[in-house]
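# build the 3D model from these lines:
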Amino acid sequence: MENKVIHKAENRGYADHGWLKAKHSFSFASYYNPSQMHFGVLRVLNDDEVAPGKGFGTHPHDNMEIITIPLEGALEHKDSMGNHGVIKFGDVQVMSAGSGVMHSEFNASKDKRVKLFQIWLFPDKENVKPRYDQVSLNIDDRKNKLQLIVSPDTEKGSLWIHQQAWFSIGDFDKGCTVSYDIRKKGNGVYAMIVKGEFSINDQKLKERDAIGIWNTDKLEIVSETDGAEILLMDIPMQIN
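I've put the predicted structure just below:
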């Protein structure tokens, strides 16, 4: 029997640090909600807005798969592995923190804000060698269909992570319908409505609403508005 949980946009945690405005889908930092600690291996989904020239100073991570998806503006990355890059809308960044890494993330612009999703997954193996990668994707490949952006390998040019997880993004016109098959038995899907409105398995969802669905093998997704964008995270429900 299908199970689902709905997280409404307005019920997310919120932090305003002046230079950073953040919405938290799951417990994070000073936001604590015992009913929203994680969804399967999905531990963090932060919807961040960073002021021009500001950012997260050098800080450590370990044993977490970190995926960053810019929505607007450009983000500059530096880390203790010697990586230095800038990502913008259409790019995706992954970092396997593994045995430990130090990094910083700053708004690369001095006059424009940057908006992004930062996502943390529990890995399927711990203390791996840290790694970093980024890719620029053709956003036309997500028009009225789902574009694979993250996977356990490099399928269709996606970035790979240490987890049996598949992330997809789609940008749909009103009335478009797509069927999505769960990629691995035992996985569930957490869907974030980036823009517009969707119906997923007959559940109406508005911008920045999210739904977690498990114990099913298929999703029926209908776009209810033009320019509707969705992020699907197909992930294990069991943490190793």
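# use CA for all of it now, contacts and neighbours both
Fine.
# show me the chain divided up by domain.
Taking automatic domain parsing as the reference, the chain has its domains at 12-136, 139-236.
# for Lys4, which of the ones you listed is the nearest?
Nearest to Lys4 among the domains of the chain is domain 139-236; the distance by Cα to Cα comes to 4.4 Å.
# any weak-confidence spans in this structure?
Residues of the chain meeting the criterion pLDDT under 70: none.
# any idea which residue is closest to the centre of it?
Central residue of the chain (Cα atoms, centre = their mean): Ile119, 4.6 Å from the mean position.
# mind putting the domains of the chain into TSV with distance to Lys4?
Converted to TSV, the domains of the chain look like this (distance: least, Cα to Cα, whole Å):
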stretch	distance to Lys4
domain 12-136	11
domain 139-236	4
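# OK, contacts around Ile193?
The neighbours of Ile193, taking Cα atoms under 8 Å, 6 or more residues apart in numbering as the test, are Leu205, Lys206, Glu207, Arg208, Asp209, Ala210, Ala228, Glu229, Ile230, Leu231.
# quick one: which of these is nearest to Ser199?
Using Cα to Cα, Leu205 comes nearest to Ser199 of the contacts of Ile193, at 6.0 Å.
# show me the contact partners of stretch 20-40.
By Cα under 8 Å, 6+ apart, the surrounding residues in contact with stretch 20-40 are 7, 12-16, 43-51, 55, 188, 190, 212, 235-239.
# my read: Val44 touches Gln118, true?
Yes. The criterion here is Cα atoms under 8 Å, and Val44 meets it with Gln118 at 7.4 Å.
# re the thing from before, please pick the buried ones from the contacts of stretch 20-40.
With burial judged by 16 or more other Cα atoms under 10 Å, the buried subset of these is 7, 12-14, 43-51, 55, 188, 190, 212, 235-237.
# those in strands, which ones?
Residues of these located in strands (DSSP state E): 7, 13-14, 43-50, 55, 188, 190, 212, 235-236.
# Val128 belongs to a helix, doesn't it?
No. Judged by DSSP: H, G, I helix; E, B strand; the rest coil, Val128 forms no part of a helix; its state is coil.
# dump the residue contacts of it.
Asn63, Ser96, Ala97, Gly98, Ser99.
# flag every buried residue along stretch 212-225.
The neighbour-count check on stretch 212-225 (16+ other Cα under 10 Å) flags 212-219, 221-225 as buried.
# my bad, stretch 67-83
Ile67, Thr68, Ile69, Pro70, Leu71, Gly73, Ala74, Leu75, Glu76, His77, Lys78, Asp79.
# ditto for stretch 148-161
Leu148, Ile149, Val150, Ser151, Asp153, Ser158, Leu159, Trp160, Ile161.
# what's the separation between the third one and Glu65?
Taking Cα to Cα, to the nearest Å as the measure, Val150 and Glu65 are separated by 11 Å.
# which residues does the nearest residue in space to Asp171 that is not next to it in sequence bridge with?
Excluding its sequence neighbours, the residue lying closest to Asp171 (Cα to Cα, 6 or more residues apart in numbering) is Glu229, at 4.4 Å. Beta-bridge partners for Glu229, by DSSP bridges, are Asp171, Lys195.
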